[in-house]
Each structure stands twice: as structure tokens, then as C-alpha cells.
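[1] build me a structure from this.
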Amino acid sequence: MAKIKATGFNTIVFEVKPIVGYTLYPSRYAPKLTEWVRPWGTQTLPIEFDPLKEFVTQTKLQGIGLLVNMNVFAEGHRDFKLGPGYDNPAWQTILYEPGLRIRRAVSYTHLTLPTKRIV
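    All right, here's what the predicted structure looks like:
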């Protein structure tokens, strides 16, 4: 945190529940993230470690503001097929992604909805 402060930052935004749906802190409601895959290898986070608590402590010591971000409606990462939403199919939603379609007889474009996809 001292390096962050020395570079001129005065606030940190810490995401405590990314789109995969697991939390980075101990929660009574959501499972804790302990492992994630990156292009350069798998990273692990010990189950007993609470990074949120550490961020709160360190930002107070350094006099840096802390904003906490949470993806409240994200319960799974569709690229990795991982998260609580994949364990509970009833939580899943249908995602309609608009596609661009051009008609030759008409001089303008319009959007149409493709077939539905389960997320």
C-alpha cells in the first residue's frame, strides 16, 4: 500500500465478488474463491486468508480511501463454466444478444435477436 500511495493514488477500488460468483472474503451466503486459472498458471488463495480485512487494515494505516465493489447479479463465468450459477441451474437466466443484420433492399440497418443461449 505504501507504493500505491507513493505513486499518487488516494483511493483503491477492491472487487470482493467478481463475476465468477465466489467472494474474496468469508461469507455466510456465497462460497469463497480459493483458486482461479490465469493464462500463466493457476493462482490460489488460502481459505483462511481474508484479503478484504487486510485491505481495510492497510488502507487505514496508509491513509488511502477504500471503495468496495461487488457484482451482485453475477453467479458464474460463462467462459470457464464456473460459479454457483452452474451448480444451481434454477439461478440461470437467458441472455439475448442483439446481432447486426443488413437487408439489401433497405438502406438502413436494424437489430434482430438471435436464438436464445443459456448462461
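
[2] report the contact partners of residue 12.
    Contact partners of residue 12, counting by C-beta atoms under 8 Å, 6 or more residues apart in numbering, are 1, 4, 55, 59, 64-67. Using the backbone N, CA and C atoms, a C-beta is placed for each residue, glycine as well.

[3] doesn't it fall inside a strand?
    Yes - assessed by DSSP: H, G, I helix; E, B strand; the rest coil, residue 12 belongs to a strand.

[4] which SSE is residue 59 in?
    helix 51-62 (DSSP states H and E).

[5] dump the contacts of residue 12 into CSV; add secondary structure, distance to residue 96 and neighbour count as well.
    Listed next are the contacts of residue 12 as CSV, based on DSSP: H, G, I helix; E, B strand; the rest coil; distance: C-beta to C-beta, whole Å; neighbours: other C-beta atoms under 10 Å:
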residue, secondary structure, distance to residue 96, neighbour count
1, coil, 43, 18
4, helix, 41, 15
55, helix, 37, 19
59, helix, 40, 19
64, coil, 41, 17
65, strand, 38, 10
66, strand, 37, 15
67, strand, 32, 10
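
[6] lowest-confidence entry in those residues?
    The lowest pLDDT within the contacts of residue 12 belongs to residue 1, with 86.

[7] against residue 70, how distant is that residue?
    Taking C-beta to C-beta, to the nearest Å as the measure, residue 1 falls 21 Å from residue 70.

[8] what residues are up against residue 61?
    Residues counted as contacts of residue 61 (C-beta under 8 Å, 6+ apart) are residue 1.

[9] could you check the pLDDT of it?
    95.

[10] next: residue 102.
    Value for residue 102, per-residue pLDDT: 61.

[11] where in this protein is the helix or strand with the lowest mean pLDDT?
    Scoring the helices and strands of the chain by mean pLDDT, DSSP states H and E places strand 109-112 at the bottom, with a mean of 53.
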